[in-house]
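1. Compute the structure for the input listed below.
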Amino acid sequence: MLQQIHYQALRPQTTAHLAQTMTLLSLTVDELRNQIETELSNNPALELVEERRCPTCRRLLPKQGICPVCSCPQNNEPVVFVSAREDFYFGGERTDDDYPENDFPVVEDKLPTYVLRQVASELTREELSVAAYLLTHLDDDGLLTVPLAEIARYCHVSLLFVQRIQQIIQRADPIGVGSTSPQEALLVQLDVLSESRKVPQLARDMIMEAMNLLSRRQYAELARQFHVPIRQVQQVAHFISENLNPFPGRSSWGDGRQSNGSRTNVYRHPDILIYYVNDDPSGQLMVEIIMPISGTLQVNPLFRQALQQTSGENREACKEDLERASLFVKCLQQRNHTMKRLIQRVVSLQRDFILYGEEHLNSITRVQLARELDVHESTISRAVANKTVQLPNRKIIPLSAFFDRSLNVRSVLCDLISKETKPLSDSELAELLAARGFQVARRTVAKYRAMEGILPAHLRRAVSISK
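-> The predicted structure follows:
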């Protein structure tokens, strides 16, 4: 709901710097290595010096080992620094055996497949075909691109039939997916949120009656329209921006899946390593952000000198190469700086999750982190997308898992079901979760159960009888 302001007066160089930095920020280690190799092969003004220099403080390093300055513990905060991949995997050419074992899922689902898997157990065969048709008409925002009436005509069913299926889909993860508009997605999310916590009534009224004013942050006009103090309007607007998303498909969904579904990641090569200092679980955490190169990437000084002796069209071409090389080096440094700030804060907030497991995951959002770091939310999203983290127990998880607010609840839910003496209904599971401190509605329990691939109680009972 936050309005993004575009400044048209920015210089072209600044715009190019921002665009390239955002591109580099979204790349994994392997993708970044390919990008660097491409720039080196295409631009004679760029060179890779065969020396080991710390990417953070730029000090020269010994032949082996990490930076003794940046990796030195200072206080109770996690130690975060950037190091070349060769610092982790020694011995020349890398093979699959050089990387840690991992038992996490290796294939991502596309959003329609991911949602369909959640709702399949609640639908009949006829309903399932309609749901599949509806889900194939989602855009990148997770919103429906065709009218419900058109779906009803195509599938030869009533409009009410399609609407009921849509309502089931809208309550899947991400909540609001399959809505016909951002406004409808917000209202669905508000309904689901109201099942577990109190929501301001004014929030619903503002979404239904004054979306244009709300999106433009015209708080004074909203206060006059609803006859409330402007401070109350600001509080409600803050509640909406913190808890609701008008474009469900843009947020991360599930456990390590991305809404674009364009990549298939094998979680074997981590982008970030987290481990204990001196192998002491009670001490500090050490975090290393992997760089794909060990040398120093810089503008070739000989090329800069040669530019002074060049004239005509060749001079202009060489000047462009020089500017592009300088921009690439600066953007790469900015990428490392942003990643370091992000990981520093994430590891501090999620220390218990890293040390003790999924049940201790803290609820944080990309919006919250963006405000703490004073960057745009899209910067956080790009930095998180497609990155993987190796935890101290050597398991590799997607970086997005640190923002999965349902992960701890799902972990407890799986534990409860694994220990049940008789199949528990979703209502009974909701009561047990409440006793553990997780206030979730029955429908939410059903959604989380479906996300984990667990059958409903009556089917679990049938399976146990057949055995």
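
2. Dead centre of the protein: give me the residue that sits there.
-> residue 400 (4.0 Å; Cα atoms, centre = their mean).

3. confidence score at residue 443?
-> At residue 443, the model reports a pLDDT of 80.

4. So for the helix or strand hosting it, what gets flagged as buried?
-> If you go by DSSP states H and E, residue 443 is part of helix 442-451. Within helix 442-451, the residues that qualify as buried by neighbour count (16 or more other Cβ atoms under 10 Å) are 444, 445, 446, 447, 448, 449, 450, 451. For glycine as for every other residue, the C-beta is placed from the backbone atoms N, C-alpha and C.

5. One more: stretch 15-26?
-> Within stretch 15-26, the residues that qualify as buried by neighbour count (16+ other Cβ under 10 Å) are 17, 20, 21, 22, 24, 25, 26.

6. Could you single out the nearest of these to residue 205?
-> Nearest to residue 205 among those is residue 22, at 36.6 Å by Cβ to Cβ.

7. Report the lowest-confidence entry in the buried residues of helix 442-451.
-> Sorting these by confidence puts residue 451 at the bottom, with a pLDDT of 74.

8. mind checking how far that one is from residue 82?
-> 34 Å (Cβ to Cβ, to the nearest Å).

9. Next: residue 370.
-> Residue 370 sits at a distance of 21 Å from residue 82 (criterion: Cβ to Cβ).

10. Ok, residue 131 next?
-> Taking Cβ to Cβ as the measure, residue 131 and residue 82 are separated by 45 Å.

11. can you check residue 241 too?
-> 32 Å.

12. Between these two, which has more neighbouring residues?
-> More neighbours sit around residue 82 than around the other of residue 241 and residue 82, counting by other Cβ atoms under 10 Å; the figures are 24 against 15.

13. Got the confidence number for the more buried one?
-> 81.

14. Name the residues of the helix or strand containing residue 342 that come out as buried.
-> Element membership of residue 342 [criterion: DSSP H and E] is helix 312-349. By neighbour count, with 16+ other Cβ under 10 Å as the criterion, the buried positions of helix 312-349 are 318, 321-322, 324-325, 327-329, 331-336, 338-347, 349.

15. got it, and stretch 190-199?
-> With burial defined by 16+ other Cβ under 10 Å, the residues of stretch 190-199 counted as buried are 190, 191, 192, 193, 199.

16. Mind putting those residues into CSV with pLDDT and secondary structure?
-> Listed next are those as CSV, based on pLDDT from 0 to 100; DSSP: H, G, I helix; E, B strand; the rest coil:
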residue, pLDDT, secondary structure
190, 90, helix
191, 89, helix
192, 85, helix
193, 84, helix
199, 86, coil
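
17. Could you identify the most distant pair in the residues you listed?
-> It's 192 and 199 that sit farthest apart of those, by Cβ to Cβ, at 10.0 Å.

18. quick revisit: closest one of the buried residues of stretch 15-26 to residue 214?
-> Closest to residue 214 out of these is residue 22 (27.3 Å), distances taken as Cβ to Cβ.

19. Got the phi and psi for that closest one?
-> When quoted as degrees, to the nearest 10, the phi and psi of residue 22 stand at phi -60, psi -40.

20. pLDDT below threshold where in this structure?
-> The model of the chain has pLDDT under 70 over residues 1-14, 52-76, 84-109, 251-268, 462-467.

21. Tell me the one among the buried residues of stretch 190-199 nearest to residue 121.
-> residue 192 (18.7 Å).

22. State whether that closest one and residue 173 are indeed in contact, as I suppose.
-> No - in this structure, residue 192 sits apart from residue 173 without contact. The criterion is Cβ atoms under 8 Å, and the distance is 10.5 Å.

23. just checking, the residue nearest to the centre of the chain is part of a helix?
-> Yes - assigned with DSSP: H, G, I helix; E, B strand; the rest coil, residue 400 falls within a helix.

24. any idea how far it lies from residue 285?
-> 19 Å.

25. show me where the stretch 251-400 of the chain has helices.
-> Along the stretch 251-400 of the chain, counting by DSSP state H, counting those that start in this stretch, helices occupy 301-308, 312-349, 351-356, 366-373, 377-384.
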